[in-house]
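Show me how the following folds:
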Amino acid sequence: MLGVVASPVQAKKKLPNKFPRVANYFLDPQISNAEAKELAQWDVVILGFENQYTSPNAFKKMRAINPDILILAYVTSEEVPIKHLKETDKKHPVYKLYNQLNEKDNWFLKNASGDYLNFYPGTRMLNVTTAWKKTLPKYMTKQVLKKHPKKWDGVFYDNCFNDISWIDNKVDVNQDGKADSWKTADKQWKRGMNTIMKQTRKRNKGKLIICNSNGEYYTSINGRLIEAFPSDFDGKWSGSMQKYYDVMNTAKKPRMVIVNTVANSSDDSNYKKMRYNLTSTLMGDGFASFDQSVDFHASLWWYDEYSVGLGNPISAPFNVDTNAGPDDFSNGVWRRNFQQGIVLVNSSNETKKIVLEDGYEKILGTQDTTINNGKVVGAVTLNSKDGIILQGRPTQVAGATFTNGTLAKVFGKNGKMKRNNFFTYNSQFDGGDTIIYLEDVNKTVTADETYVYVYKGGNLLTKLAPYGEYFTGGVNIDVDRLEGKNKGYRIVTGTQNYGPHVRIWSLKGKLKNPGCFPYDQVFGGGVNVAIGDVDKTNRGKEIVVAAAKGGGPHVRILNYDCELISPGFFAYGEGMRTGVSLAVGDVDDDGKDDIVTVPGQGAASHVRIFNSRGKEKSSFFAYDSSNHSGASVAVSDIDGNGKNEIVVMSFSIFNQ
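Numbers count the residues shown, from 1 in each chain. Here you go, the predicted model:
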């Protein structure tokens, strides 16, 4: 595993607890609102430090969409673009940092003949042995990181060379008009660069600091960007991976490596090269970055693979043929296991076939559909310099109520299939039982014809009969923190048959509310229940109900005290008498919970999505219109990527 060398945590903001991790190296001098909205998808974004002035609203936009995003301020540490020396806007950050250089010619790096030196076209090298070594970290601290703490989470220093003698055979670092020996030049240069890094860390203990190029400043900084991975300069794939791991084992915590690969084209469809970057990056805990070229880092390229939720790694990477670990990154096929899938990368020069254990499927995507076709696989063939993400096959509906032993289909908000069909299955419980797993407390709540049970692991904690031990009509349940996110879990029960009685319980089986009848007590078809925050103006969450078997399609909303707060709406034609299954959750990423419905047995599986006022947002048919066997619905993050899907579970496996 990564991070074998202990060091104190330096940055206040944590790295995202998710994989894949992706970064965007985006150096447009101005960012539009549309670009900011797209950039919010990435976990880490590197922006020019001038964007705090040219695009102030972009930061607010990105953080509103993605509160966990990390934004780093880009600045060159050893050079200045010549165009920046001509900036005339005195309020512009570029002017404030670089205009002083017009009066300090001795801060530029020159050779013994007095010629300005440069590494990159259109720039001049700066001499980091001069006062620049203290001016830069002071400016980045006072005028960037501390002046705009809500904008920046840290700094990215481009080009952090260890040495400089290679730049010119007559380099004059000490400015005495004579060519320096390589040993003298490199020693003084490294000392100057160390000052920049140490001063930045000293002034910014709570910020992330990373650099570009193979610097040796990891006692002060959190990591680096590896550009144009895998490069011949870094030792091709094996050497580049070793340098990647070296940083992850030696830099300050939290350790951050951005692995950047360039397409060398404005065409974003080189999916193979993107996969090679991403799957190689996933062999460690870094952030994958794929864009146009080393001369143009300003692409908004998003891929199917970026939206997959793998969970956390559960193994170190290993060579599938030799079982070697990350101490020996020899070429071959490498694999790493995650909570919700596996990652394979083939760094060899040959096509390889890898035989797998059961239980994996390809991504069901829209790009490179010969690869991302959603097929269940027992083996895969990987071309040379390619990789693949395979998802584990789901058997349960995470964080939502589901019926054990049903055929489940997974959809996006507009009815587009998101995963392969699967059968819900938990061997600990009987077919037909209602199940919900509460991951944060490691408890499972189930219900059958009479009882509700609460388990922790395999141990029964609670057994209660919500409607008495002689009741056998079946119990519907949903479980959530009904009274608010910092409150305890509550079990809301409804009847599958007989009177539509809603009751509220603690996980310990204590009756918290004797309940209510949201429909006429003489109705004998029971009541379906779901919990969610559909009305942001109320304290706590709401209980959304619908008549069960044989009832009309009338959806109503109760508060957490079981009091009617909305007369509700008809999800389907008023004459329908199949009952309505429902679930609550945000399915369109607008920050508000939606109400999702599907008719019960006797009608086609017409899924509809509503807001709390009964306004339809979208709808689709989950199964063939001739299939009237009935279905139930759940809202769940099946992919583990932080976005909910709609899961429709048929009561029949036929006519699908």
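
show me what contacts the nearest residue to residue 383 once chain neighbours are set aside?
Excluding the flanking residues, the one nearest residue 383 by C-beta to C-beta, 6 or more residues apart in numbering is residue 351, at 5.3 Å. (C-beta placed from N, C-alpha, C; glycine too.) By C-beta atoms under 8 Å, 6 or more residues apart in numbering, the contact list for residue 351 reads 381, 382, 383, 384.

Can you pull the phi and psi angles for residue 351?
The phi/psi pair for residue 351 (degrees, to the nearest 10) reads phi -70, psi 140.

Repeat that for residue 102.
Here is the backbone geometry of residue 102 (degrees, to the nearest 10): phi -70, psi -20.

Lowest-scoring secondary structure element of the protein by mean pLDDT?
Among the helices and strands of the chain, strand 422-423 carries the lowest confidence by mean pLDDT, DSSP states H and E, at a mean of 90.

and the next element down the chain from that strand?
Moving toward the C-terminus from strand 422-423, the next helix or strand (DSSP states H and E) is strand 434-438.

separation between residue 105 and residue 391?
59 Å (C-beta to C-beta, to the nearest Å).

for residue 431, same thing?
Separation of residue 431 from residue 391 (C-beta to C-beta) stands at 25 Å.

now do residue 190
Noted for residue 190: a distance of 46 Å to residue 391, by C-beta to C-beta.

ok, these two, which is more surrounded?
Applying other C-beta atoms under 10 Å to residue 190 and residue 391 shows that residue 391 carries more neighbours, namely 24 against 19.

and the residue nearest to that one when sequence neighbours are not counted, what does it touch?
In this structure, residue 391 finds its nearest non-sequential neighbour in residue 341, 4.3 Å apart by C-beta to C-beta, 6+ apart. By C-beta under 8 Å, 6+ apart, residue 341 lies in contact with 308, 310, 311, 360, 389, 390, 391, 392.

Among these, name the ones in strands.
Among these, DSSP state E puts 360, 389, 390, 391, 392 in strands.

Spatially nearest residue to residue 454 (excluding sequence neighbours)?
Among residues not flanking residue 454 along the chain, residue 462 sits closest, at 3.8 Å (C-beta to C-beta, 6+ apart).

for that neighbour, helix, strand, or coil?
Following DSSP: H, G, I helix; E, B strand; the rest coil, we place residue 462 in the strand state.

For it, give me the pLDDT.
On pLDDT, residue 462 comes in at 97.

who's in contact with stretch 176-196?
With contacts defined as C-beta under 8 Å, 6+ apart, stretch 176-196 is touched by 77-78, 111-112, 114, 127-130, 132-134, 136-137, 157, 160-165, 169-174, 215-217, 220.

Filter those down to the buried ones, ChimeraX style.
Selection of buried members from those for ChimeraX, criterion 16 or more other C-beta atoms under 10 Å:
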select :77,78,111,112,127,128,129,130,132,133,136,137,157,160,161,164,165,171,172,173,215,217,220
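
Just the buried residues of the ones in strands among the contacts of residue 341.
Of these, these count as buried by 16+ other C-beta under 10 Å: 360, 389, 390, 391, 392.

OK, contacts around the residue nearest to the first one when sequence neighbours are not counted?
When the adjacent residues along the chain are set aside, residue 360 lies closest to residue 390, with 4.1 Å between them (C-beta to C-beta, 6+ apart). Counting by C-beta under 8 Å, 6+ apart, residue 390 makes contact with 341, 342, 343, 344, 356, 360, 361, 362, 377, 380.

For residue 255, state which of these is nearest.
residue 343 (19.4 Å; C-beta to C-beta).

tell me the SS of the closest one?
On the three-state scheme (three-state DSSP), residue 343 is labelled strand.

That one touches residue 280, doesn't it?
No: in this structure, residue 343 is not within contact of residue 280 by C-beta atoms under 8 Å, at 9.3 Å.

what is in contact with these two at once?
By C-beta under 8 Å, 6+ apart, residue 343 and residue 280 have these common neighbours: residue 387.

ok, which stretches of the stretch 351-500 of the chain are strands?
For the stretch 351-500 of the chain, the strands defined by DSSP state E, counting those that start in this stretch occupy 352-362, 376-382, 386-392, 402-403, 407-411, 422-423, 434-438, 443-447, 452-456, 459-464, 475-480, 490-495.

Next, the angle strand 443-447 makes with the last one.
Computed with axes from the mean of the first three to the mean of the last three C-alpha atoms, to 10 degrees, the direction of strand 490-495 lies at 10 degrees from that of strand 443-447.

ditto for the longest one
Per the same axes, to 10 degrees, the angle that strand 352-362 makes with strand 443-447 is 50 degrees.

all numbers from here: first residue = 6
From this message on, residue numbering opens at 6, which makes the last subject strand 357-367.

Next, the buried residues of strand 357-367.
Result for strand 357-367 [16+ other C-beta under 10 Å]: buried residues 357, 359, 364, 365, 366, 367.

Walking through this structure, point out its helices one by one.
For the chain, the helices defined by DSSP state H occupy 38-44, 56-59, 61-70, 98-103, 137-144, 187-208, 241-255, 276-286.

Just say which of those helices is most tucked in.
A comparison of those by mean neighbour count, using mean count of other C-beta atoms under 10 Å, puts helix 276-286 on top with a mean of 23.

That one packs against which elements?
Contact partners of helix 276-286 among helices and strands, from 3 or more C-beta pairs under 8 Å, 6 or more residues apart in numbering; DSSP states H and E: strand 261-267, strand 292-296, strand 346-351, strand 391-397.

Kindly format the C-alpha coordinates of that helix as CSV.
Output in CSV follows, covering the C-alpha atoms of helix 276-286 (Å, rounded to 0.1, in the frame of the first residue of the first chain):
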residue,chain,number,x,y,z
TYR,A,276,-9.7,6.5,-25.8
LYS,A,277,-6.9,3.9,-25.6
LYS,A,278,-4.4,6.5,-24.6
MET,A,279,-6.8,8.0,-22.0
ARG,A,280,-7.4,4.5,-20.6
TYR,A,281,-3.6,3.8,-20.4
ASN,A,282,-3.2,7.0,-18.4
LEU,A,283,-6.2,6.4,-16.1
THR,A,284,-5.5,2.7,-15.4
SER,A,285,-1.8,3.4,-14.8
THR,A,286,-2.7,6.2,-12.4
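
how big is the angle separating it from strand 261-267?
160 degrees.

who's in contact with helix 276-286?
If you take C-beta under 8 Å, 6+ apart as the criterion, helix 276-286 is touched by 25-27, 234-235, 242, 246, 264-266, 268, 292-295, 306, 308, 310-311, 348-350, 352, 372-373, 376, 388, 390-394.

Just the buried ones from the residues you listed?
For the contacts of helix 276-286, buried by 16+ other C-beta under 10 Å: 25-27, 234-235, 242, 246, 264-266, 268, 292-295, 306, 308, 310-311, 348-350, 352, 373, 376, 390-394.

Show me what the least confident helix or strand of the chain is packed up against.
Strand 427-428 packs on strand 412-416, going by 3+ C-beta pairs under 8 Å, 6+ apart.

what's in contact with the strand it packs on?
Outside strand 412-416, the residues that touch it by C-beta under 8 Å, 6+ apart are 399, 402, 407, 422-424, 426-429, 612, 625, 627-628, 643, 650-655, 657-658, 661.

Make a ChimeraX selection of whichever of those residues turn out to be buried.
In ChimeraX, a selection of the buried entries from these looks like this (16+ other C-beta under 10 Å):
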select :399,402,407,423,424,427,429,612,625,627,628,643,650,651,652,653,654,655
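
What is the neighbour count of residue 19?
Residue 19 has 10 nearby residues by other C-beta under 10 Å.

State the distance from the residue lying closest to it once chain neighbours are set aside to residue 475.
Using C-beta to C-beta, 6+ apart and skipping residues adjacent in sequence, the residue nearest residue 19 is residue 259, 6.7 Å away. To residue 475, residue 259 is 58 Å away according to C-beta to C-beta.

hang on, residue 383 packs against residue 366?
No: shown here, residue 383 and residue 366 do not form a contact pair, counting by C-beta under 8 Å, at 10.5 Å.

quick one: low-confidence ranges for the stretch 306-455 of the chain?
Applying pLDDT under 70 to the stretch 306-455 of the chain flags no residue at all.

Understood, closing this out.
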